[in-house]
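Q: no sequence on this one, just coordinates:
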C-alpha cells in the first residue's frame, strides 16, 4: 500500500524541516528578544526602530521575503552566505528570512510578557538602584520569559508550518518533496495523508510539551 | 509600561540617552549607506529600472490585475470560510459528545497542517479528479487551501466569541423558554458576531499574506506572481520587489488599523455585552494549539 514511498527520502525531507525550524527558532529568539528590549528602552530612536521593524515585517507575506532572499540577495547582490553549494546557500537564505520574519512575532510575544510582570517588580528594582539594563535582564525578563512560554510555543508551531514556504526557493524540505511526489505518483490522497500526518507528529508534541512546561513554570501570583 | 522600567531621566541619563541615540543613528546610517552602495554597485538605482512604476502600463497590465486577484481570492476564502467556521465552532460547543469530538478533531487537524500542503493537495486533486479548466485551477486550489485552514481558525474564533458572552445570556434565554437552537440563533450568535468582528478583520491579513503562496507554488496570478512577469519584462527585480512589498504593507496596514479601530469602538459602545475578541486573540489562534489552551492570555505568534 505504501510502496509509492520507495525512492523518495521522506524522512530526510522532514529532517530538513526540523533543522530549518530549530536553527530559525534559536535565531529568531535572540533577534526577537533584542527587538523587544529596543521597544521598551529609554532611547526613543531605538523604540521607533523596533516599532517600525515589527509593523513592516509583520505585514509582508513570508513568501515575498523568502523569494527576495533568493532572487534579490543571492542572485543580484551576490550574497552567497559563505557557501557556493546551492543547497547550503538555499538553506541559509531560508533561515535568514525565517529569522527576520519570526523575530517580529517573538518580539510582540515577549513585549506582552513584559506587560504581565507587576509594576511593583520594576519599581522595586529601580528603588534598589538598578539601571535600565539591569532591571530588564535581572528582574523583568526572567519573569516575562516564564509567562510567555505559551505564546512562544504558538510562534514555534507557526514557524514549523512556515518552513514549508522555503520550498519556494527549492530547499528540499517536506512541502518541496510533497510537490514532487504528488505530481509523479498516482496516490494523491495517501501522499497528502502521509505529509499531513508528519506535520501533526511535529507540532503535537511541541504543543503538549511546551503547554505542560508553561503551566509548570508559570510565576505564581 | 515602558516608563516603569526606567526613571524619568535626569541630566546624566539624558546625556547617556543622547549618546546612545547618536550611536544608534550612526549604526543605522552606516547600514543604510551600505545598502545604498550595494544597490548602486549593481546599478539598481538606475532611473530606467524605476521608471515603469511611474507609467500606467506597469500598473494596468501587471500590478493592479495581480492585486485584484489577491483580493478576489482573499474575499472568496473569507466568505466561504466564515459560515463553515461558524458551523464547526458551534458544533464544538454541542451537548452531544460525538458532535464535539468529530468537529474538534477536524478543526485541530486542519490547524496543524501548513496551508501550502493544503494548496498543493487541492491543486493536484482538482487536476486529477475534476474537470476544472487549468486556467481556473490555481484560483480554486488557493481558495480551497485557504478555506480549509481559515475555517478551522474561524471556528475557534466563533467558539471563543460565544464563550466570551456572560453566562447570564444563556440562562435568561432558557428562563423565558427558548430552545437550545433558538438561544444560539437569536441570542448568542448575534452578540458573538459583534465580539468577533475585530478578530475576523485581522484574520483577513493572514489570508491576504497566504495568497502569495499560491502565486509562487501553483502559479496563481496574484500580486507576487505578476511581479515575476513584470520583472521579466522590465528586468527590474529589486525595484519590483520593493514596490510589491510596499503594496502588501499598505494593504495589510489598512486592515490591521481598521481591526484595532473596530476593537476600540466596540469596547466603548454601551450596547454590547462588553465581550470583544481582540487582534491578539487571532495571533494566538493561528498557530495550532494542539496541546490545548495555555491560558497565558498574551498575544503574539501566528502566520
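A: Cool, got the structure. Just so we're clear, the structure is a prediction, and the values are computed from it rather than from any experiment. Numbering: from 1, shown residues only, chains lettered A, B, ... in the order given.

Q: For the stretch 51-200 of chain B, what lies in contact range of chain A?
A: Counting by CB under 8 Å from any CB of the partner chain, the stretch 51-200 of chain B comes close to chain A at B:109, B:112-117, B:120-121, B:124-125, B:128-129. For the C-beta atoms, the positions are set from N, CA and C on the backbone; glycine is no exception.

Q: now do 6 Å
A: B:112-114, B:116-117, B:120-121, B:124-125, B:128 (CB under 6 Å from any CB of the partner chain).

Q: Now do the phi/psi pair for residue A:77.
A: With angles defined as degrees, to the nearest 10, residue A:77 sits at phi -90, psi 0.

Q: Could you report the separation of the closest residue to it other than its chain neighbours from residue B:31?
A: Distances taken as CB to CB, 6 or more residues apart in numbering or on different chains put residue B:38 closest to residue A:77, at 5.6 Å, once the chain neighbours are dropped. Per CB to CB, to the nearest Å, residue B:38 is found 11 Å from residue B:31.

Q: which of those two has more neighbours?
A: Using other CB atoms under 10 Å in any protein chain shown as the criterion, residue B:38 and residue B:31 rank with residue B:38 on top: 16 against 10.

Q: buried set for the helix or strand in which that one is found?
A: Residue B:38 belongs to helix B:11-41 when elements are defined using DSSP states H and E. For helix B:11-41, burial by neighbour count (16 or more other CB atoms under 10 Å in any protein chain shown) applies to B:16-17, B:20, B:24, B:38-39.

Q: pLDDT on the next helix-or-strand element following that helix, on average?
A: Moving toward the C-terminus from helix B:11-41, the next helix or strand (DSSP H and E) is helix B:47-50. Helix B:47-50 carries an average pLDDT of 84.

Q: Need the contact partners of helix B:47-50.
A: B:236, B:239 (CB atoms under 6 Å, 6 or more residues apart in numbering or on different chains).

Q: Return the distance of that helix from the chain's centre.
A: On the basis of CA atoms, centre = their mean, to the nearest Å, helix B:47-50 sits 33 Å off its chain's mean C-alpha point.

Q: Quick check: which element contains the closest residue to residue B:237 other than its chain neighbours?
A: Closest residue in space to residue B:237, ignoring its immediate chain neighbours: residue B:231 at 4.8 Å, by CB to CB, 6+ apart. Using DSSP H and E, residue B:231 maps to helix B:223-234.

Q: That helix: which residues count as buried?
A: Within helix B:223-234, the residues scored as buried using 16+ other CB under 10 Å are B:223-228, B:230-231, B:234.

Q: How about stretch B:189-203?
A: Across stretch B:189-203, burial judged by 16+ other CB under 10 Å covers B:189, B:191-192, B:194-203.

Q: low pLDDT regions in chain A?
A: Applying pLDDT under 70 to chain A flags the ranges A:1.

Q: Sorry, wrong one. I was asking about the stretch 1-150 of chain B.
A: Residues of the stretch 1-150 of chain B that meet the cut-off, pLDDT under 70, sit at B:1-3.

Q: Could you tell me which of the residues of the stretch 51-200 of chain B next to chain A belong to strands?
A: Among these, no residue falls in strands (DSSP state E).

Q: Pull the contacting residues for residue A:195.
A: With CB under 6 Å, 6+ apart, residue A:195 has these contacts: A:174, A:178, B:117.

Q: Leaving out the residues flanking it, which one is nearest to residue A:159?
A: Leaving aside its sequence neighbours, residue A:159 sits nearest to residue A:102 (CB to CB, 6+ apart; 5.2 Å).

Q: could you point out which element follows the helix or strand encompassing that neighbour?
A: Using DSSP H and E, residue A:102 falls within helix A:86-116. Downstream of helix A:86-116, the first helix or strand assigned by DSSP H and E is helix A:119-127.

Q: Would you mind listing the buried residues in that next one?
A: Under 16+ other CB under 10 Å, the buried positions of helix A:119-127 are A:121-122, A:125-126.

Q: and the angle from that helix to helix A:86-116?
A: 90 degrees (axes from the mean of the first three to the mean of the last three CA atoms, to 10 degrees).

Q: which outside residues touch helix A:119-127?
A: So helix A:119-127 is contacted by A:135, A:139-140, B:4-5, B:7 (CB under 6 Å, 6+ apart).

Q: do that again at 10 Å, thanks
A: Applying CB atoms under 10 Å, 6 or more residues apart in numbering or on different chains, the external contacts of helix A:119-127 come out as A:114, A:118, A:130-132, A:134-136, A:138-140, A:143-144, A:219, B:1-7.

Q: Can you point out the buried residues in the helix or strand just after that helix?
A: Per DSSP H and E, the first helix or strand lying C-terminal to helix A:119-127 is helix A:132-134. Buried residues in helix A:132-134, defined by neighbour count with 16+ other CB under 10 Å: residue A:132.

Q: which regions of the stretch 151-300 of chain B lie under the pLDDT threshold?
A: B:270-274, B:279-285, B:287-300.

Q: quick one, what contacts residue A:118?
A: Counting by CB under 10 Å, 6+ apart, residue A:118 has contacts A:124, A:143, A:219, A:221, B:4.

Q: now, which of these sits nearest residue A:30?
A: Residue A:30 has its nearest neighbour among these in residue A:143, at 19.2 Å by CB to CB.

Q: Near that closest one, how many other residues are there?
A: Neighbours around residue A:143, by other CB under 10 Å: 17.

Q: which residues does it contact?
A: A:113-114, A:116-118, A:121, A:219, A:221.

Q: Quick check on the residue nearest the centre of chain B: phi, psi?
A: Nearest to the geometric centre of chain B sits residue B:206, at 1.7 Å (CA atoms, centre = their mean). Main-chain torsions, residue B:206, degrees, to the nearest 10: phi -60, psi -40.

Q: before we move on, what about residue B:236?
A: Dihedral pair for residue B:236: phi -130, psi 70, per degrees, to the nearest 10.

Q: excluding its backbone neighbours, what's nearest it?
A: residue B:49 (3.9 Å).

Q: Would you check how far apart the one you found and chain A are?
A: According to CB to the nearest CB, to the nearest Å, residue B:49 and chain A sit 11 Å apart.

Q: what about that residue, distance to residue B:234?
A: 7 Å.

Q: which residues do these two both contact?
A: Joint contacts of residue B:49 and residue B:234 (CB under 10 Å, 6+ apart) are residue B:240.

Q: Make a PyMOL selection of the buried ones in the contacts of residue A:143.
A: Restricted to buried positions by 16+ other CB under 10 Å, the PyMOL selection for the contacts of residue A:143 reads:
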select buried, chain A and resi 113+114+116+117+121
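
Q: How about whichever strand or helix holds residue A:29 and chain B, any contact?
A: For residue A:29, the host element (DSSP H and E) is helix A:10-39. Yes: Helix A:10-39 reaches chain B (CB under 10 Å from any CB of the partner chain) through A:17, A:32, A:37-39.

Q: quick one on the thing from earlier: kindly reformat the buried residues of helix B:223-234 as TSV containing distance to residue B:104.
A: TSV is the format used below for those (distance: CB to CB, whole Å):
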residue	distance to residue B:104
B:223	36
B:224	35
B:225	36
B:226	40
B:227	40
B:228	41
B:230	45
B:231	45
B:234	51
